[in-house]
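A.B. asks: okay, structure incoming, though there's no sequence with it:
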C-alpha cells in the first residue's frame, strides 16, 4: 500500500514511469497499474479445492430435484461430518442455480423514467351547473419510481381533454418524464395505432 501511494504521488508530480520503477526497484508494469488505479491493491486468496469440493456434485443433484431441501438434511444424507456452518454457506451459494423463476414480474424504475397514466371514475355522479350529472373521468398519473400521484378531473375521454389534462398534471409535477405509459386508452391509441393529435413518442402499452 505504501508503494501504491508513493507511485501515485510521484506520478502526479510528473516523474516518468520508468524512473519510478527504477527508484523503487519494481517493474514498469506494476507502476502503470498502480498509477492507473484509484485504490490500493487488494490481496485475493486464490481459489482451490476445499473440504466441500468432493460433496458439491452430490449437493447439486439433490438441489436439482428439491431446490428448497434444508442444508442440514442434505448434510445428513451425504454423510457430512465437518462444520455445518461451512456446509450451509456453500449450499446457500449453490441454491439460487436451482430455484424456479419467480412468476411475478419485478420492474426497476429509475427516477424520471416513466409515468403511468390511467383513468379513474368516481363512485358518484358529479352535478354540473346545467343540472346534468355525468360520470366524469379522473386522469391519474403515477410516477413509476416514487409512486407519487397527481390527478385531475376532465370533461371527457376524448383525445383533446386527455392531452389537456396530461399537460396540466405535468405542469403541476414541474418535470417531464422520459415516457408516458397509457393502458390502451382509445383517446390516446391502441396497439401500434395512435389517435389523431397524439405524438408518436407517446408509449402505448
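C.D. replies: Perfect, I can see it now. Remember, predicted model here, so these are calculated numbers, not experimental data. Numbers count the residues shown, from 1 in each chain.

A.B. asks: got the domain ranges for this structure?
C.D. replies: Domains of the chain are assigned by automatic domain parsing as 2-35, 53-97, 114-204.

A.B. asks: worst mean pLDDT among the ones you listed?
C.D. replies: Lowest mean pLDDT of those: domain 2-35, a mean of 79.

A.B. asks: gap between it and the chain center?
C.D. replies: 39 Å (C-alpha atoms, centre = their mean, to the nearest Å).

A.B. asks: next one: stretch 182-193
C.D. replies: 27 Å.

A.B. asks: how far does that stretch stretch from one end to the other?
C.D. replies: Stretch 182-193 has an end-to-end distance of 13 Å (C-alpha to C-alpha, to the nearest Å).

A.B. asks: and what of stretch 35-55?
C.D. replies: Using C-alpha to C-alpha, the two ends of stretch 35-55 sit 43 Å apart.

A.B. asks: what does stretch 177-191 give?
C.D. replies: End-to-end distance of stretch 177-191 (C-alpha to C-alpha): 21 Å.

A.B. asks: run through who's touching that stretch.
C.D. replies: Contact with stretch 177-191 is made by 112-119, 141, 143-144, 157-159, 161-162, 166, 194-195, 198, 202-205, as judged by C-beta atoms under 8 Å, 6 or more residues apart in numbering. All C-beta spots, glycine's among them, are computed from the backbone N, C-alpha and C.

A.B. asks: wait, which of the domains of the chain is closest to residue 108?
C.D. replies: domain 114-204 (8.9 Å; C-beta to C-beta).

A.B. asks: next one: residue 147 from residue 40, what distance?
C.D. replies: In this structure, residue 147 and residue 40 are 42 Å apart, going by C-beta to C-beta, to the nearest Å.
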